[in-house]
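Asker: whatever this is, show me its structure:
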Amino acid sequence: MNFPELARGSERRAATCHVYYRVRTERLPHAGKAVAELMNDLHARTGIRGSLSRRIERAQERTSSDSVAHGAPTWMETYAGIDDRAGFERHMEAAMQNAAFVQFLPDGTNRTLEWFEPLDVKAAA
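Answerer: Sure, this is the predicted structure:
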């Protein structure tokens, strides 16, 4: 099923969705598979294909005694060209439920979703 109204193409400025979160170190092999399934599910629902990145940790962060941050890498999903943010978020929530994604997050953490839109640098100056 495809939802073309969610993808690029309207007169409005298409937004980019960034979702970042920490992943339980002991669940990394399974988390990668779950994220791939989540992203494929979301692509099937919306027609929007995402990408996955890993944060490059600084040396002092890798040696931190913070129990939440210590050893738990930060991953970020990026989805571009979204016109209907509310619709995309509904589809994302359904895909996350299907993937039972919460099991991959360290206790006390969650996925953080942020939206960005293109900025015309010339007009902003």
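Asker: run through the strands of the protein in chain order.
Answerer: Secondary structure of the chain by DSSP state E: the strands cover 15-22, 50-54, 74-82, 112-116.
Asker: of all those strands, which one is nearest residue 35?
Answerer: Of all the strands of the chain, it is strand 50-54 that lies closest to residue 35, at 5.9 Å by C-beta to C-beta. C-beta here means a position set from N, CA and C on the backbone, and glycine is covered the same way.
Asker: now do the closest one, average pLDDT.
Answerer: Taken as a whole, strand 50-54 has an average pLDDT of 97.
Asker: can you list the neighbours in contact with that strand?
Answerer: 35, 39, 42, 43, 73, 74, 75, 76, 77, 78, 79 (C-beta atoms under 8 Å, 6 or more residues apart in numbering).
Asker: on that earlier part again, reformat the strands of the chain as TSV; add mean neighbour count.
Answerer: Listed next are the strands of the chain as TSV, based on neighbours: other C-beta atoms under 10 Å:
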stretch	mean neighbour count
strand 15-22	18
strand 50-54	13
strand 74-82	18
strand 112-116	12
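Asker: low-scoring stretches of this protein, by residue?
Answerer: 1-12, 59-70, 123-125 (pLDDT under 70).
Asker: excluding chain neighbours, give the residue nearest to residue 30 in space.
Answerer: Nearest-residue entry for residue 30: residue 104, 7.1 Å, with adjacent residues in sequence omitted and distances by C-beta to C-beta, 6 or more residues apart in numbering.
Asker: burial count for that neighbour?
Answerer: Neighbour count of residue 104, defined by other C-beta atoms under 10 Å: 21.
Asker: check residue 43 too.
Answerer: 16.
Asker: what residues are up against residue 73?
Answerer: 22, 23, 25, 28, 54, 55, 57.
Asker: meant to ask about residue 25
Answerer: 71, 72, 73.
Asker: against residue 55, how distant is the last one?
Answerer: Here the criterion is C-beta to C-beta, to the nearest Å. By it, residue 73 lies 7 Å from residue 55.
Asker: so which other helices or strands are in contact with the longest helix along the chain?
Answerer: Assignment by DSSP state H gives helix 28-46 as the longest helix of the chain. Contact here means 3 or more C-beta pairs under 8 Å, 6 or more residues apart in numbering; DSSP states H and E; on that basis helix 28-46 packs against strand 50-54, strand 74-82, helix 85-99.
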